[in-house]
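A.B. asks: got a sequence here, can you build the structure:
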Amino acid sequence: MDDMTQHETTGTASSATAGAHLPAAGQDPDDTTAVRRAADAPESARASRHWWDRNADEYQQEHGGFLGDDRFVWGPEGLSEDEAGLLGDPAGLRGARVLELGAGAAQCARWLAARGARPVALDVSHRQLQHALRIGVDNVDLVEADAGRLPFVDGGFDLVCSSYGALPFVADPRTVLREVHRVLRPGGRLVFSLTHPIRWALPDEPGPEGLSVAASYFDRTPYVEQDEQGRAVYVEHHRTLGDRVRDLTATGFTLLDLVEPEWPRWNRQEWGGWSPLRGNLIPGTAIFVCARADGPREPDRTTDARK
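C.D. replies: Reported below is the predicted structural model:
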């Protein structure tokens, strides 16, 4: 599982990522400024890889207990796949070839392996995958790669899943979705969760101050944390619900369900801007359940609906 913050991505990992510069020597990576500005695909990819390499230790220390070592949790609400059943018939997981995007420390992949699946846990961050190795990866293959350039054969997977991984951090989600479509068998399922788009209109605060609209829901300008030289060290991209649906249909997927988990009474944890207060009033997570369609794709164009 990758990041769940709007803010503040074999037993040996194989690498398919290109190198990029790190912040200058002696620079404090936390000495950043938050802005809304354009960020293209290369800048977003570099920022995500380096942010996760720097922050993986803290992330796993802070949230590892909630995530568990081998649980499949869809978001900060705590909805588990055991409860939700969004991946399909549990019996159908046995022997299934599954790709997890933005796997982090491979918690979800371990859950899949325990049910007889053959999972591959992919992440752009080398340090996150080191945590996967630390916990243990029996029957889980690890791959270090960019989700927009998947190093797999066509039709090699029965299922692709992602819990808050990859898609929120890429400048062009259709690039990732095309790759997912390519590596899925016909009729294969894609299920992914991410920050509910409505949250982008509200301050990222867990208390009452996070309940007032502070920005336009229709503003797609990325959220960027940048250093003193203006280089992005963290990037997250916003798409409306309509954008997400159009991205899916344009890349050859059928939307089967859209799940907005309610906040359960047992969960008293605050996680960034997610909290019981906000969770009882507005959705914090959106889960898209999709299938690879066999028919022709829609024309790949950006709609004028955003204007």
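
A.B. asks: okay, and the beta partners of residue 120?
C.D. replies: Note on residue 120: beta-bridge partners by DSSP bridges are residue 99, residue 141.

A.B. asks: what's the local residue count around it?
C.D. replies: Residues near residue 120, counting by other C-beta atoms under 10 Å, number 26. All C-beta spots, glycine's among them, are computed from the backbone N, C-alpha and C.

A.B. asks: contacts only, for it.
C.D. replies: By C-beta atoms under 8 Å, 6 or more residues apart in numbering, residue 120 lies in contact with 97, 98, 99, 100, 109, 140, 141, 142, 143, 152, 157.

A.B. asks: between the residues you listed, which is nearest residue 253?
C.D. replies: Using C-beta to C-beta, residue 157 comes nearest to residue 253 of the contacts of residue 120, at 14.0 Å.

A.B. asks: what score does that closest one have for pLDDT?
C.D. replies: Per-residue pLDDT puts residue 157 at 98.

A.B. asks: that one - how many residues pack around it?
C.D. replies: Neighbour number of residue 157 under other C-beta under 10 Å is 24.

A.B. asks: would you quantify the distance from it to residue 120?
C.D. replies: Using C-beta to C-beta, to the nearest Å, we find residue 157 at a distance of 8 Å from residue 120.

A.B. asks: common neighbours of these two, please.
C.D. replies: 97, 98, 99.

A.B. asks: which residue, other than its chain neighbours, is closest to residue 284?
C.D. replies: residue 274 (4.9 Å; C-beta to C-beta, 6 or more residues apart in numbering).

A.B. asks: kindly apply the preceding question to residue 45 instead.
C.D. replies: Setting aside the residues directly before and after it, residue 45 is nearest to residue 146 in space (C-beta to C-beta, 6+ apart), at 6.0 Å.

A.B. asks: okay, now that neighbour: neighbour count?
C.D. replies: When neighbours are defined as other C-beta under 10 Å, residue 146 has 23 of them.

A.B. asks: so it sits right up against residue 46, yeah?
C.D. replies: No: if you go by C-beta atoms under 8 Å, residue 146 and residue 46 don't touch, sitting 10.5 Å apart.

A.B. asks: just the element for residue 64, please.
C.D. replies: helix 41-67 (DSSP states H and E).

A.B. asks: for that helix, packing partners?
C.D. replies: Judged by 3 or more C-beta pairs under 8 Å, 6 or more residues apart in numbering; DSSP states H and E, helix 41-67 is in contact with helix 126-135, strand 232-236.

A.B. asks: mind listing what's buried in it?
C.D. replies: Counting neighbours by 16 or more other C-beta atoms under 10 Å, one finds that the buried residues in helix 41-67 are 43-56, 59-60, 63, 67.

A.B. asks: can you give me the buried ones in the helix or strand following that helix?
C.D. replies: For helix 41-67, the succeeding helix or strand toward the C-terminus, using DSSP H and E, is helix 81-84. Neighbour-count burial for helix 81-84, counted by 16+ other C-beta under 10 Å, picks out 81, 84.

A.B. asks: hmm, who's touching helix 81-84?
C.D. replies: Residues from elsewhere that reach helix 81-84 (C-beta under 8 Å, 6+ apart): 72, 73, 74, 87, 108, 111, 259, 261, 287.

A.B. asks: tell me which helix or strand comes right after the helix or strand containing residue 162.
C.D. replies: Following DSSP H and E, the helix or strand that holds residue 162 is strand 157-163. Where DSSP H and E defines the elements, the next helix or strand beyond strand 157-163 is helix 173-183.

A.B. asks: and stretch 122-132, what's buried?
C.D. replies: 122, 123, 124, 125, 127, 128, 129, 130, 131, 132.

A.B. asks: what do you get for stretch 187-204?
C.D. replies: Buried, per 16+ other C-beta under 10 Å, within stretch 187-204: 188-204.

A.B. asks: using PDB, write out every CA atom in it.
C.D. replies: Listed next in PDB are the C-alpha coordinates belonging to stretch 187-204 (Å, rounded to 0.1, in the frame of the first residue of the first chain):
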ATOM      1  CA  GLY A 187     -12.200  -9.900 -18.800                       C
ATOM      2  CA  GLY A 188      -9.600  -9.500 -16.100                       C
ATOM      3  CA  ARG A 189     -10.500  -7.200 -13.100                       C
ATOM      4  CA  LEU A 190      -8.900  -3.900 -12.000                       C
ATOM      5  CA  VAL A 191      -9.700  -2.700  -8.500                       C
ATOM      6  CA  PHE A 192      -8.100   0.400  -7.100                       C
ATOM      7  CA  SER A 193      -8.600   2.900  -4.300                       C
ATOM      8  CA  LEU A 194      -7.500   6.500  -3.900                       C
ATOM      9  CA  THR A 195      -8.400   9.700  -2.100                       C
ATOM     10  CA  HIS A 196     -12.100  10.600  -2.800                       C
ATOM     11  CA  PRO A 197     -11.900  13.600  -5.200                       C
ATOM     12  CA  ILE A 198     -14.300  15.700  -3.200                       C
ATOM     13  CA  ARG A 199     -11.500  15.900  -0.600                       C
ATOM     14  CA  TRP A 200      -9.500  18.200  -2.800                       C
ATOM     15  CA  ALA A 201     -12.000  21.000  -2.300                       C
ATOM     16  CA  LEU A 202     -11.500  20.900   1.500                       C
ATOM     17  CA  PRO A 203      -8.500  21.700   3.700                       C
ATOM     18  CA  ASP A 204      -6.500  18.600   4.600                       C
END
